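**Student:** How does the following fold in three dimensions:
(2 chains)
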Amino acid sequence: MTKVTPLDTAVDPHSADTGVLLDVRDLEVEFRMRSGTVKAANRVSYQVDKGETLAIVGESGSGKTVSAQAIMGIIDSPPGFVTGGEILFRGKDLLKMEEKERRQIRGDRISMIFQDALTALNPVFTVGWQISEMFQKHRGMSKSEGYKRAIELMNLVKIPSAAERVNAYPHEFSGGMRQRVMIAMAIALDPDVLIADEPTTALDVTVQAQIMGLLADLQQQTGMGLILITHDLGVVAEVADKVSVMYAAEIVETADIRELYRHPYHPYTEGLMRSLVRPDHKGGRLSPIKGSPPDLLHIPSGCPFHPRCDYVQDVCRTDDPPLREILEGRTSACHFAEVFSND
Amino acid sequence: MTDTTNKTPAQVLAPDVATPEVVPAQAPKQDKPASLWSDAWKELRRKPGFIISALLVILMVVMAAFPTLFTSVDPRDCSLIDALQTPSAEHRFGTDLQGCDYYARTIWGARTSVSIGLFVTFFSTIIAVALGSLSGYKGGWLDSTLSRFTDIMFAIPLILGALVILNALAGSRGILQVSAVLIAFGWPTMMRLMRSSVLSVKELDYIDAARALGASDWRIITRHVLANGITPVIVYATITVGVIISAEASLSFLNVGLQLPAISWGLMINTAQNRILAFPHLLFFPGLFLSMTVFAFILMGDALRDALDPKLR
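**Tutor:** Predicted coordinates:
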């Protein structure tokens, strides 16, 4: 696939070699509602580089999707507002761009796939139409060229008999095939960064593995950076390079994937891993984290995790621990990161 | 699918490719993609209600477009000597007070009624779709302003509003004036319908997905929101054609619609009103045609609604 960069977003592609591809810094997102203001992303920072997979893990409502929506600029506003931070793509802040310039990056340089492909595909148009629209709108291709590329892409994402199915409607596909169509649309323009927002949640387990495998393959072929948003630590283990764990709108731990599994530096991460279903776990009871995630309208004082933490101390109830570097490339937001798990 | 055991690896990888055993006697699915409209068409072809209404609508539209196919008599070629005849071989529907052939006048009356019905509906729908989608999609102060304005217009009953304005226009009421007034009071219901439809469509994931993949607002509205949200409006518009036709007839009957020498069913009933006991055919024929036309459009709207709403199948 040849990369055609639109003229007015002509960021030198080689500059990517020097800096980080996508750098989210202290992102703050608020939802202002009648019942109060909800901080859905609080000092969220992460980086993704070329060919790298960053997993963002957290329970529902922990703010992991919101930060992705902020990158794409699709937060419903009102009530949602990005109130602080920077999102640097190849060194340029997306939040300071004109809407028009940003739209040219969306779908083209940074793309996204959604949780439920059934609702993320328009039911009244054929999948071929929807894929080829990407080429027609962003690349100015003709309709027939667009359809030709659509068939190529459908083959690339391993949709069987693509040439016949290009004129089928989304509801004629199974869940897994629909997600493949969504992936085809998202990678159509060979993006630098792909955000996958729980891409496998709506699928059954065997199909989940296929879709994750497909994403990993595509990433190897294209060298794109991948942000994988999920609540499934099992999925993460297989594909991610780095993990950021989110809790109550904050990142509580970031680590290399193998390091994280070897030794979590935050009690929440530890709890998540203990509640995983493992094949060697037969017979015993699962140990879920006690309590439930906080309502973002009423985030507990101090460390937001303290009501559910097994290692809670007095200081946790009053002081919110900042995210700090524990070891090289590892950060944790726990007062007792170094000590808690050694007990 | 019940068994997954005896499948080839290719089938496991492609679970939705229908194997011959799974979908036996069905016609090949890929031949004609099943869209909302093609599904609806299949459904409609089997509905007697739709067929009857479609035939009636076609008949009325042909009558309106080519009245000479049905009668060679000039509806304005009247001789007072023949006034007020009852139906006979020469004048199938009889004659009116001026001695005009009532059959010819009834046929020519379709032109006025159908064209006002279609014209008014067409323009009200355009106004309604434009304002409704803008209002629903954009939200905020624009929505508040447009919606309140619509509510004000909506609060005025169609006939009452038209009555007041057309009464003031005495002396210059032609098809254009009557249509304009009906458009002015006809769009609010459809605008509200369009707005609520857009509001529900706009929350769906594919709108976010389209935006995330770089579509502009204009494209999202035209290609994604409208394509999905317009169905109820189309159904309602079909019914509206019938409503407008009867509104025009009511206004003409009340002496505030079209004026002679225009030929319209409402006007014919109006002229007949003092003599309907003595000459019931003066009421019967235009009344029959009027109610058949209104009935046809309303029936068609109902059939469309049933066919387009998958839940009612």
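**Student:** so where do the strands sit in chain A?
**Tutor:** Assigned by DSSP state E, the strands in chain A fall at A:22-33, A:36-48, A:53-57, A:80-89, A:92-93, A:110-113, A:193-197, A:225-230, A:242-247, A:250-256, A:324-327, A:330-332.
**Student:** Make a markdown table out of those and add distance to B:Thr121, mean pLDDT and mean neighbour count.
**Tutor:** Using the backbone N, CA and C atoms, a C-beta is placed for each residue, glycine as well. Converted to a markdown table, the strands of chain A look like this (distance: least, CB to CB, whole Å; pLDDT from 0 to 100; neighbours: other CB atoms under 10 Å in any protein chain shown):
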| stretch | distance to B:Thr121 | mean pLDDT | mean neighbour count |
| --- | --- | --- | --- |
| strand A:22-33 | 40 | 87 | 19 |
| strand A:36-48 | 45 | 85 | 20 |
| strand A:53-57 | 51 | 90 | 25 |
| strand A:80-89 | 39 | 86 | 19 |
| strand A:92-93 | 50 | 84 | 14 |
| strand A:110-113 | 41 | 89 | 28 |
| strand A:193-197 | 43 | 89 | 25 |
| strand A:225-230 | 47 | 89 | 24 |
| strand A:242-247 | 53 | 90 | 26 |
| strand A:250-256 | 56 | 88 | 24 |
| strand A:324-327 | 67 | 83 | 14 |
| strand A:330-332 | 64 | 87 | 21 |
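**Student:** what about these, which gets the closest to chain B?
**Tutor:** Using CB to the nearest CB as the measure, strand A:110-113 is the one of the strands of chain A that comes nearest chain B, at 4.3 Å.
**Student:** Nearest residue to the middle of chain A?
**Tutor:** When CA atoms, centre = their mean is applied to chain A, the residue found nearest the centroid is A:Ile229 (3.4 Å).
**Student:** Now do the same contact list for that residue.
**Tutor:** A:Ala55, A:Ile56, A:Lys64, A:Thr65, A:Ala68, A:Ile195, A:Ala196, A:Asp197, A:Glu198 (CB atoms under 8 Å, 6 or more residues apart in numbering or on different chains).
**Student:** on that earlier part again, so can I have JSON lines of the strands of chain A showing distance to A:Ala184?
**Tutor:** Rendered in JSON lines, the data for the strands of chain A read as follows (distance: least, CB to CB, whole Å):
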{"stretch": "strand A:22-33", "distance to A:Ala184": "22"}
{"stretch": "strand A:36-48", "distance to A:Ala184": "22"}
{"stretch": "strand A:53-57", "distance to A:Ala184": "19"}
{"stretch": "strand A:80-89", "distance to A:Ala184": "23"}
{"stretch": "strand A:92-93", "distance to A:Ala184": "28"}
{"stretch": "strand A:110-113", "distance to A:Ala184": "10"}
{"stretch": "strand A:193-197", "distance to A:Ala184": "12"}
{"stretch": "strand A:225-230", "distance to A:Ala184": "16"}
{"stretch": "strand A:242-247", "distance to A:Ala184": "26"}
{"stretch": "strand A:250-256", "distance to A:Ala184": "31"}
{"stretch": "strand A:324-327", "distance to A:Ala184": "40"}
{"stretch": "strand A:330-332", "distance to A:Ala184": "36"}
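**Student:** gap between stretch B:136-149 and the chain center?
**Tutor:** The gap between where stretch B:136-149 is centred and where its chain is centred comes out at 26 Å by CA atoms, centre = their mean, to the nearest Å.
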